[in-house]
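J.: Quick one, fold the following:
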Amino acid sequence: MTPAPRPLLLPDGRPAAEAWTLDPAMKHLNHGSFGAVPLAAQQEQQRLREQMDRAPVVWFPALPGRVAAARAAVAGFLRVPAGDLALVPNASAGASVVYGSLPHRPGGEVVVTDHGYGAVTMGAERLARRWGGTVRTARVPLDAGPEEAAAAVLAEVTDRTGLIVLDHITSATARWMPVAAVGAAAGERGVPLLLDGAHVPGLAEDPLDGLEFDVWVGNLHKFGCAPRGTSALVARSELRHRLYPLIDSWAAREPFPERFDTQGTTDATGYLAAPVALDLVERTWGWETARDYLGELADYAEQIIGAAFSDATGGPAAVDVGMPVNALRLVRLPDGLAPDRIAADALRDRVAAELGVEAAFTSFGGTGYFRLSTHVYNTPEDYEYFADRCVPALTAWAGNGRTEG
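T.: Sure, this is the predicted structure:
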C-alpha cells in the first residue's frame, strides 16, 4: 500500500487550502473540471476590474499591451516563445478558432478518438459537415500503451484527412495520448494536427518540448489555478497565419498572435491575473514539488478508494489505464452507476447535494468511473472521507451492497 503523503502547508504552517476560498463544509475532489482560483488571484482580478471600471476610456486603449505582457508570462510558464502563443477563453474556444480558420476541403475527413472531449468533438463534426465530409473515430482501448494507441489513431488517417484532433490528456478517461508519435507521423503526411491539452498546463514541466503539431490548446484555469476563462493557444506551423480570434476587432489586421490581444470590451482581467496564480504555486511550493505531491496523493487515493469499492461490492475496482496521469485517476464504479455521460453528471450533482462532496464521475464504453483529481490544497483525509462515507452510499445507490451470510 502506498503511504499517505504529508499534506502541503503554507509558509506560516497553515494548511494549503487556506490560500483558497473553497467552502470548508464540502470536500473538493474535482479540481480537474473547473479548477479553483486562489485568493491572491481573485484579489488581483478584482483590483484590475476596479481599475477598469474607474476609468474605462483609459483602460481599454491600454489593454492590448497588458494582455501582451500576460501572454509573455504564460509563454514563459509553458516554455514556448511568446510569439507562438495567443490567449483564448478556453480550450474549446481555441479548437473553434482552428475549425473556423482551416481552408475549405470538399469531402475532407476529420479524425478524432472515442476518448475526445464532447464539445471539441462536436466542433469537429460541424467542420466535417461544412466540408461535406465525415468524422472518422479511432477506437483506442483504455489500457492501450503508446504504440497501440498511436497505431489506432493513424489507422484512421486517409488521403482525405484534413485534420487530426487528439487529446494530450483525455478528460473522461484520465490518460495521456501518444501525441509525439502521432505528431511525427502527421507531419510526415502533411496532415494538420490539433492537440487538445485542456488539462495539461501545470501537470508537466515542459509539456510541448519536442512535439510536432499545428495548434495546441490548454486551459490555465484547471491545474494552473488561473481565473476561469483563461487558456493558451500555441501555433507552430504556417497555419498560424490563418488563425483569427472568434471576435473580429480592431487588431484584425495585426499578425498572429497580436490580433488576439484586442477583443473589444471583453473583460480580460482573467488573462491579466493568471500569472499571479501560476506564481503563487511556484513561490509557495515550487511546481516540481507540487507535481510530485499530486502524483503521490493520487496514488494513495486511487488505492484506498479502489479497495473500499472492492470490499463493498466484491468486484474489481482497479482500472488499467495505458498511459496514466499524475493527478488524474480512474476507479471503477459499481455496475449500474454512470453508464453514460448524462447519468454521470446526474451522479455528480447527487453526490454534491446529498454527501457534500464535489466529485467527478465519467463514463467510457458503458462503464462508469469515479475520476479523482488532486491539487495542492487536497489532503489524504479528503480521500479517506470519500472511501469511508461516499463509497458505501454509492454502493447502496447501485443496489450492489454486499451482505455477510
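J.: how deep is Pro7 tucked in, by neighbour count?
T.: Neighbour count of Pro7, defined by other Cβ atoms under 10 Å: 17. Heads up, the C-betas are built off the backbone N, CA and C, glycines and all.
J.: helix/strand/coil for it?
T.: coil (DSSP: H, G, I helix; E, B strand; the rest coil).
J.: ok, the nearest residue to it once chain neighbours are set aside - contacts?
T.: Once flanking residues are discounted, Pro7 sits nearest to Thr379: 4.2 Å by Cβ to Cβ, 6 or more residues apart in numbering. Applying Cβ atoms under 8 Å, 6 or more residues apart in numbering to Thr379 gives the contacts Pro7, Pro15, Ala17, Leu297.
J.: what's the first one in contact with, if anything?
T.: If you count contacts by Cβ under 8 Å, 6+ apart, Pro7 has them with Pro15, Ala16, Thr379, Pro380.
J.: sorry, back to before: the residue nearest to Pro7 and Leu29: what is the separation?
T.: To Leu29, Thr379 is 11 Å away according to Cβ to Cβ, to the nearest Å.
J.: Look up which residues are beta-bridged to Leu195.
T.: According to DSSP bridges, the partner residues bridging Leu195 are Leu166, Trp216.
J.: Low-confidence stretches in this structure?
T.: 400-405 (pLDDT under 70).
J.: Could you chop it up by domain?
T.: What the record gives for the chain is the domain set 16-34+286-398, 41-280, from automatic domain parsing.
J.: Dump the ones you listed to CSV, plus distance to Met1.
T.: Formatted as CSV, the domains of the chain follow (distance: least, Cβ to Cβ, whole Å):
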stretch, distance to Met1
domain 16-34+286-398, 6
domain 41-280, 21
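J.: Nearest to Pro3, out of those?
T.: Nearest to Pro3 among the domains of the chain is domain 16-34+286-398 (7.1 Å), distances taken as Cβ to Cβ.
J.: Can you give me the buried ones in stretch 91-107?
T.: 91-102, 105 (16 or more other Cβ atoms under 10 Å).
J.: give the contact list for the nearest residue to Trp131 once chain neighbours are set aside.
T.: Spatial nearest neighbour of Trp131, excluding adjacent residues (Cβ to Cβ, 6+ apart): Gly108 at 4.2 Å. Going by Cβ under 8 Å, 6+ apart, Gly108 touches Ala128, Trp131, Gly133, Arg160, Thr161, Gly162, Leu163.
J.: Of those residues, which belong to helices?
T.: Ala128, Trp131 (DSSP state H).
J.: neighbour-wise, which of the contacts of Gly108 leads?
T.: Busiest of those [other Cβ under 10 Å] is Leu163, holding 25 neighbours.
J.: so it touches Gly190, yeah?
T.: No - the criterion here is Cβ atoms under 8 Å, and Leu163 misses it with Gly190 at 11.8 Å.
J.: which of the buried residues of stretch 91-107 lies closest to Ala75?
T.: Nearest member of these to Ala75, counting by Cβ to Cβ, is Gly94, at 14.8 Å.
J.: wait, that closest one sits on Val88?
T.: Yes - contact criterion Cβ under 8 Å: Gly94 and Val88 qualify, at 4.6 Å.
J.: Now list whatever residues contact both of those two.
T.: Val217, Ser231, Ala232, Leu233.
J.: sorry, back to before: Asp114: which of the contacts of Thr379 is nearest?
T.: For the contacts of Thr379, the nearest to Asp114 is Leu297 (29.0 Å; Cβ to Cβ).
J.: list the contacts for that closest one?
T.: Pro5, Thr374, Asn378, Thr379, Pro380, Tyr383.
J.: Name the next helix or strand following the helix or strand hosting it along the chain.
T.: For Leu297, the element it lies in under DSSP states H and E is helix 287-313. Scanning forward in sequence from helix 287-313 by DSSP H and E, the next helix or strand is strand 328-332.
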